[in-house]
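Engineer: no sequence for this one, just the structure:
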């Protein structure tokens, strides 16, 4: 492992403030996520990263399946209400956009579990008529099904810390990971932010819409919704595997210096102990080396065969 520099005072100060916020009891803690707290499925990983010098997490999501209703795309015309004047941004956020379903764990995709989930979305059969808003424009607020794998943002103390973290993420399968803030006029204040993510597991599909009458309508058959739930469950499994691979790679990287400081086991002769396979390979390599040396020495000396040929009587 490369030698990592000691964290600067500004980094230690930032890390201390972040850890103070995370130390708030769960009953008092809240954040901007739909759940409002750190996901239990990733809490252990966050704790391990935050107890390692030079790293601190700033935001995280263990991975989730969700159903999201977009916000309004047109103004309602009610000038007295600031909320009514807002329109949804690209992607449907804001202006009344809301989560109809969010889960950080797999959900039963058959039987009553599936039926309860589908009923909770409140989707009726799709209508064939085009919904028209009061100002004459079409107003369909789309409903999306999404699966999003783990995403983790980690503030690092130096470029070396960031490179180590990125290497672990890429090895684990989080191939879209990257970092920002990798340049600075002052090397002491260089604190790259690393985003660990894997967009290859992401899934998004339109499943319905909400019309101007407020009725939510399904535009796909129930079998399709069941298939989406099954796919998201499969991706939850793969997401968990990648998280564990990242965790193992990170622990191995940061613990490697400690392992190298462990005294080596010696044999009775005072040399480093080796198992049978290692010893056999070493002896084989030494034998090949000696053989090559003898062949080189022999090629450098006069050949006895030539001397004998010269001493043969021509009459024979």
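Structural biologist: Everything's here; your move. Please read these numbers as outputs of a predicted model, since none were measured by experiment. Numbering: from 1, shown residues only.

Engineer: From residue 194, how far off is the closest residue to residue 215 other than its chain neighbours?
Structural biologist: In space, and not counting its chain neighbours, residue 215 is closest to residue 124: 6.5 Å by C-beta to C-beta, 6 or more residues apart in numbering. Every residue, glycine included, has its C-beta placed from N, CA and C. As judged by C-beta to C-beta, to the nearest Å, residue 124 and residue 194 stand 45 Å apart.

Engineer: the more surrounded of these two?
Structural biologist: Taking neighbours as other C-beta atoms under 10 Å, residue 124 and residue 194 compare with residue 194 leading, 26 against 10.

Engineer: Helix, strand, or coil at that one?
Structural biologist: Counting by DSSP: H, G, I helix; E, B strand; the rest coil, the backbone at residue 194 sits in strand.

Engineer: now that we're looking at it, which residues does it contact?
Structural biologist: Contact analysis of residue 194 by C-beta atoms under 8 Å, 6 or more residues apart in numbering lists 153-156, 162, 165-166, 169, 177-179.

Engineer: Number of residues surrounding the closest residue to residue 251 other than its chain neighbours?
Structural biologist: Of all residues not flanking residue 251 in the chain, residue 48 sits nearest, at 7.1 Å (C-beta to C-beta, 6+ apart). Neighbour count of residue 48, defined by other C-beta under 10 Å: 14.

Engineer: is it true that residue 48 touches residue 247?
Structural biologist: Yes: in this structure, residue 48 is within contact of residue 247 by C-beta atoms under 8 Å, at 7.0 Å.

Engineer: Overlap in contacts, these two.
Structural biologist: Contacts common to residue 48 and residue 247, judged by C-beta under 8 Å, 6+ apart, are absent.

Engineer: For residue 18, see how far away residue 98 is.
Structural biologist: For residue 98, the distance to residue 18 - C-beta to C-beta - is 29 Å.

Engineer: now residue 121
Structural biologist: Distance, residue 121 to residue 18, using C-beta to C-beta: 36 Å.

Engineer: for residue 211, same thing?
Structural biologist: Taking C-beta to C-beta as the measure, residue 211 falls 44 Å from residue 18.

Engineer: if you count what's nearby, which of the two comes out ahead?
Structural biologist: A direct count of neighbours by other C-beta under 10 Å for residue 211 and residue 18 places residue 211 higher, at 19 against 15.

Engineer: And the helices in the stretch 1-150 of the chain, which stretches?
Structural biologist: With DSSP state H, counting those that start in this stretch applied, the stretch 1-150 of the chain shows helices at 9-22, 40-50, 111-120, listed in chain order.

Engineer: didn't residue 106 look like it was pressed against residue 237?
Structural biologist: Yes: when contacts are counted by C-beta under 8 Å, residue 106 is listed as touching residue 237 (7.4 Å).

Engineer: So for these two, which sits in the more crowded spot?
Structural biologist: Neighbours around residue 106 and residue 237, counted as other C-beta under 10 Å, are more numerous at residue 106. The numbers are 18 against 9.

Engineer: Quick check, pLDDT for the more buried one.
Structural biologist: Note on residue 106: pLDDT of 90.

Engineer: next one: residue 188
Structural biologist: pLDDT for residue 188: 55.

Engineer: now residue 268
Structural biologist: Looking at residue 268, its pLDDT reads 55.

Engineer: Residue 33 too?
Structural biologist: Looking at residue 33, its pLDDT stands at 54.

Engineer: With residue 37 instead?
Structural biologist: Looking at residue 37, its pLDDT reads 58.

Engineer: Adjust the sequence numbering to begin at 218 for everything that follows.
Structural biologist: Sounds good: first residue 218 from here, last item residue 254.

Engineer: can you give me the helices in the stretch 418-533 of the chain?
Structural biologist: 439-477, 493-517, 521-527.
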